[in-house]
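Participant: Got a predicted structure here, sequence first:
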Amino acid sequence: ELIFSGDLFELPGGTAGMAFGYQQRKEVRERLIPNFQFSLSQGFLSPRSSGKGGRTVDAYFGELALPLTENIDIQLAARFEDYGNIDSTDPKIGVNWRASDALSFRVSAGTSFRAPSLGTVVGDDKQSSVGEVRDSINAAEQTSGTFRTIVATKNPLLEPEESRNYNLGVTWAPEVPWGNGGHNFQVDLDYFDFEFENQIQAENANSLVAADPCSAQIQRDTLVALVNPVLANVGPTACPANVGAILIVNVGFFNAGQTATSGFDLSMVYGFDIGDHQFNIRSETTVIDTYDIQASAGGAIIDGVGFRNEGNSGASAPPVKSNLMLSWSMENHATNVTVRYIDSFEDDAFGLRIGDKGQFGAVSSHTEVDLQYRFTFGGDSNYDITIGAVNLFDEEPPTAFFTGYAESVHNPFMRQVYVRAGIAL
C-alpha cells in the first residue's frame, strides 16, 4: 500500500487537502474437507468438497477536501479497482452546509462496486447446508416442506455487484434554554435511497423446485416413488409417473436483477446532569419506505416491505425498527437500559402470498429489554465488574411458520444473564 497526502491551497473556509494512493491485494482461499464430510453419511452435516483459488487486485484512489466557506465543506473521492477480468471506477461526493450554530444540512451521492467473493467464483470446492424445501409435486407437502440437502457450486461467470446511493440529512441541535448549560439536545433525520444491481445470491431452493420440480438441478430418489404425485405441477422438464422424493437440490450463484430500497433514519439524543448524576436518553429508528426486489433481469418486481420474503431473493423487512437507550452514571457507577422494538410483518413462507398478505398470517411485533450495571474501581479506575441481562423479561420470539420463528430477524434465546470482569492495563 502506498499513500500520499497533504495540503493543496487556501480557500475561504480553510486549507484544501488531498490524498491519493495505490493498493495491491493478493487473495487466496483454500478449503480442506475430510473424506467423511465428502460422503452422504452424516445426516445434517451435508456433503461438501475441498478446493483452492486466488486472485490479485490492484486499486487506485484519490480524495479531496474542499472547505469552500466557513460553513460549506465538499468532499470528493474516486476509486478504481482492477480484478483482472473485471474492473470499476466509483466516484463519491459529499456536501455539508452549517446553516447556523443549531442547524446543518448534508447531502451525499455515489456509486460502489463489489467483486464476487472467492467463495462464490474461484476454486472448485463445493459448500452445502441442510434447509427446509417444499416439494411441489409431493401430495404431503402442499403447505409445508421438510429438511433436505442443498449443495452450492461456484459460478466463474459472475459479474460484480454495483450500486448507486444518495442521502439527504439534517441535524438540529438547539441550545437548551434550561439547565444552565448542563443539558443538550440533538435530532438527526436522514433520507436514504439505494439501488443495487447484479446482486450475487445463491439460487433459492424452493423457487427452483416450484419452477421446475424435475429439472437436472433436483436430484430425486430413483428407487422409491412418491404416492399420488401432483403431476399437474410439472415445469419445463416433465416428471415421470414414478417420480421419487427430493434428495438433493443443487443451487448455483447468480446475478439477481436489482434491489431498490429507501427510507428514513431518525436519531434523537437528550442528555442532562443533576448534581453528580449524568443522564442520557437516545432513540434510533429506521422506517423502510420502499423495498423492491427483482430476482432476475427483466423479471417481476416484488414489493418486499412488511414481508418475511422467504420465497424470494430478498431479506425480511419489518417496516419499523426502533431502539430506545436510557443511561445513568455517577462516579464509579453506570446503568444502561435498552428497549428494542421490531414491527410486525407478513409471513410469506415458501413465497406464498394472498394479495398483499402472507398466506401464513403475520409475524407479530416484538419488544425486548436489556439491562446492564457496571462498577469501576481501583486507583485509576482500571478494574470493572459488569452484570446484566439480555431479554430481561424472558420474551419469546414471535411465531413464524415452519421454522418456529423468523431466524433472520429475531433472537431465539430467552433471558441471558451474565457477569463480566475487566482489567485495563
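Facilitator: Looks like it arrived, so ask away.
Participant: Going by C-alpha atoms from here, please, whenever you check contacts or count neighbours.
Facilitator: Noted.
Participant: Helices of the protein, residue ranges please.
Facilitator: With helices called from DSSP state H, the chain shows them at 35-38, 118-121, 205-211.
Participant: Please render those as a markdown table that adds mean pLDDT, mean neighbour count and distance to residue 28 to the earlier fields.
Facilitator: Putting the helices of the chain into a markdown table (pLDDT from 0 to 100; neighbours: other C-alpha atoms under 10 Å; distance: least, C-alpha to C-alpha, whole Å) gives the following:
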| stretch | mean pLDDT | mean neighbour count | distance to residue 28 |
| --- | --- | --- | --- |
| helix 35-38 | 58 | 14 | 22 |
| helix 118-121 | 78 | 20 | 8 |
| helix 205-211 | 86 | 20 | 29 |
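Participant: now these as CSV including distance to residue 252?
Facilitator: What follows is the helices of the chain, written out as CSV (distance: least, C-alpha to C-alpha, whole Å):
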stretch, distance to residue 252
helix 35-38, 18
helix 118-121, 9
helix 205-211, 10
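Participant: middle-most residue in this protein, spatially?
Facilitator: Centroid-nearest residue in the chain, with C-alpha atoms, centre = their mean: residue 315, separated by 8.0 Å.
Participant: where do the strands sit along the stretch 101-250 of the chain?
Facilitator: Remark: strands assigned in the stretch 101-250 of the chain by DSSP state E, counting those that start in this stretch are 103-114, 127-133, 146-153, 161-172, 183-197, 200-202, 218-225, 244-255.
Participant: Relative to residue 290, which of those is closest?
Facilitator: strand 183-197 (9.0 Å; C-alpha to C-alpha).
Participant: Tell me what angle that closest one forms with strand 244-255.
Facilitator: Using axes from the mean of the first three to the mean of the last three C-alpha atoms, to 10 degrees, the direction of strand 183-197 lies 110 degrees away from that of strand 244-255.
Participant: Adjacent strands (with direction) for strand 183-197?
Facilitator: Strand pairing for strand 183-197, using DSSP bridges, gives strand 161-172 (antiparallel), strand 258-274 (antiparallel).
Participant: would you list those strands in CSV and tack on mean pLDDT?
Facilitator: Putting these into CSV (pLDDT from 0 to 100) gives the following:
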stretch, mean pLDDT
strand 161-172, 95
strand 258-274, 94
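Participant: need those in a markdown table with mean neighbour count, can you?
Facilitator: What follows is these, written out as a markdown table (neighbours: other C-alpha atoms under 10 Å):
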| stretch | mean neighbour count |
| --- | --- |
| strand 161-172 | 18 |
| strand 258-274 | 18 |
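Participant: could those strands go into TSV alongside distance to residue 370?
Facilitator: Conversion of the strands paired with strand 183-197 to TSV gives the following (distance: least, C-alpha to C-alpha, whole Å):
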stretch	distance to residue 370
strand 161-172	28
strand 258-274	19
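Participant: wait, doesn't residue 7 sit right on residue 14?
Facilitator: No. Using C-alpha atoms under 8 Å, residue 7 is not in contact with residue 14, being 10.3 Å away.
Participant: Comparing the two, which shows the higher neighbour count?
Facilitator: Remark: of residue 7 and residue 14, residue 14 carries more neighbours, 15 against 12, as counted by other C-alpha atoms under 10 Å.
Participant: check contacts around the more buried one.
Facilitator: Residue 14 makes contact with 67-70, according to C-alpha atoms under 8 Å, 6 or more residues apart in numbering.
Participant: Report the separation between it and residue 128.
Facilitator: Going from residue 14 to residue 128 by C-alpha to C-alpha, to the nearest Å gives 56 Å.
Participant: mind listing what residue 206 touches?
Facilitator: Residue 206 sits next to 133-135, 311, 350 when contact means C-alpha under 8 Å, 6+ apart.
Participant: Try it again at 10 Å.
Facilitator: By C-alpha atoms under 10 Å, 6 or more residues apart in numbering, the contact list for residue 206 reads 131-136, 145, 213, 249, 310-312, 349-351.
Participant: Check residue 146 too.
Facilitator: 130-135, 246, 402.
Participant: Can you pick out the most distant pair from these?
Facilitator: Across those, the longest distance by C-alpha to C-alpha is 18.3 Å; it joins 246 and 402.
Participant: Which of those two has more residues huddled nearby?
Facilitator: residue 246 (22 against 15).
Participant: how many neighbours does residue 309 have?
Facilitator: Other residues lying near residue 309 total 26 when counted by other C-alpha under 10 Å.
Participant: Pull the number of nearby residues for the closest residue to it other than its chain neighbours.
Facilitator: The shortest distance from residue 309 to any non-neighbouring residue, by C-alpha to C-alpha, 6 or more residues apart in numbering, is to residue 316 (5.3 Å). By the measure other C-alpha under 10 Å, the count of residues near residue 316 is 21.
Participant: ok, now how distant is the residue nearest to residue 425 when sequence neighbours are not counted from residue 208?
Facilitator: Distance criterion C-alpha to C-alpha, 6+ apart; nearest residue to residue 425, sequence neighbours excluded, is residue 382 at 7.2 Å. In this view, residue 382 and residue 208 are 57 Å apart by C-alpha to C-alpha.
Participant: Residue 414 now?
Facilitator: Counting by C-alpha to C-alpha, the gap from residue 414 to residue 208 is 35 Å.
Participant: now do residue 412
Facilitator: For residue 412, the distance to residue 208 (C-alpha to C-alpha) stands at 29 Å.
Participant: tally of neighbours for residue 337?
Facilitator: With other C-alpha under 10 Å as criterion, residue 337 counts 19.
Participant: distance of it from residue 388?
Facilitator: Distance from residue 337 to residue 388, by C-alpha to C-alpha: 10 Å.
Participant: Fine by me, thanks again.
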